[in-house]
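Student: Structure here, sequence nowhere to be found:
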């Protein structure tokens, strides 16, 4: 049990033609031995700030800034929580015909692979937020890709869809992914930028000591950002 984890994946701007220049796929990883304690602590924070509803980046408000900051503080203070994302900044230059057999889905599976690849020590259950009606097909493909990579000895023992409104960890993933995506798209520089979102980003960066629209070193595990760069073999 000491080396078992649950991984909760969400994504932002992942569709090929959504007119957003950057996409982010990320997760919150939870140590199984601390799962119940962390879940109860997060619920207490929500109740303390009278915020029992779903946490979503798109719905942040000035009246709850102390709540957001306490959640961020709790994340950084918990040894049982970590965050990782894959950041793709070049969507306008996609060339799926050349690199991915013309398939955006194939590129999507590659990014999931890059997202999960560092997790090799331990056993993992993976939960993914439901996005569309093709969810089961995508889960099967993701599992197939990882089984092939690990030569049928994959540490990922289970893949399952869940709904974000029912899970605090998917919601926390959404929150951090939203912050990374917002800055990577330079929304924070616009005249009409959301002041609350800018404050949240600045607060996160006060913890990371690193801009969240840039890749981190591979050895950083608490808040890890893989800034994906296209190569001759990939997008």
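Tutor: Structure received. Computed from a prediction, not measured in an experiment: that's the story for all the values here.
Student: Tell me where the protein is predicted with low confidence.
Tutor: 1, 13-21, 91-105, 131-135, 230-235 (pLDDT under 70).
Student: Do a quick rundown of the strands in it.
Tutor: 4-12, 23-31, 81-88, 123-129, 156-162, 223-227 (DSSP state E).
Student: hmm, who's touching the second one?
Tutor: With contact meaning C-beta atoms under 8 Å, 6 or more residues apart in numbering, strand 23-31 is reached by 4-14, 38, 79-88, 91, 111-112, 115-116, 119, 169-170, 172-173, 176-177, 180-181, 184. Just so you know, the C-beta spots here come from the backbone N, C-alpha and C atoms, and that holds for glycine as well.
Student: So which residue is smack in the middle of the protein?
Tutor: In the chain, the centroid-proximal residue (C-alpha atoms, centre = their mean) is residue 26; its distance is 1.8 Å.
Student: Please name the bridge partners of that one.
Tutor: residue 10, residue 85 (DSSP bridges).
Student: Give me the longest helix you can find in this structure.
Tutor: helix 168-184 (DSSP state H).
Student: Output the strands of the chain as TSV; include the columns distance to residue 42.
Tutor: TSV is the format used below for these (distance: least, C-beta to C-beta, whole Å):
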stretch	distance to residue 42
strand 4-12	12
strand 23-31	10
strand 81-88	10
strand 123-129	16
strand 156-162	16
strand 223-227	17
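Student: looking at the ones you listed, which is closest to residue 148?
Tutor: Of all these, it is strand 156-162 that lies closest to residue 148, at 12.0 Å by C-beta to C-beta.
Student: Sheet-wise, list the partners of that closest one with their directions.
Tutor: Paired strands of strand 156-162, with direction, are strand 123-129 (parallel) (DSSP bridges).
Student: what's the offset of the strand it pairs with from the middle of its chain?
Tutor: 12 Å (C-alpha atoms, centre = their mean, to the nearest Å).
Student: Now do the buried residues in the longest helix of the chain.
Tutor: Residues 168-184 are the ones in helix 168-184 that count as buried (16 or more other C-beta atoms under 10 Å).
Student: Also stretch 198-210?
Tutor: Quick answer for stretch 198-210 (16+ other C-beta under 10 Å): 198, 200-201, 204-205, 208.
Student: any residues touching that stretch, and which ones?
Tutor: 60, 65, 68-69, 72, 76, 176, 179, 182-183, 188, 211-212, 216, 220, 223.
Student: Of those, select the buried ones using a ChimeraX command.
Tutor: Buried residues within the contacts of stretch 198-210, by 16+ other C-beta under 10 Å, are selected in ChimeraX with:
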select :60,65,68,72,176,179,182,183,188,212,216,223
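Student: So among the contacts of strand 23-31, which ones count as buried?
Tutor: Buried among the contacts of strand 23-31 by 16+ other C-beta under 10 Å: 4-14, 38, 81-88, 91, 111-112, 115-116, 119, 169-170, 172-173, 176-177, 180-181, 184.
Student: about what we covered before: for residue 193, which of the strands of the chain is the nearest?
Tutor: Across the strands of the chain, closest to residue 193 is strand 4-12 (C-beta to C-beta), at 17.0 Å.
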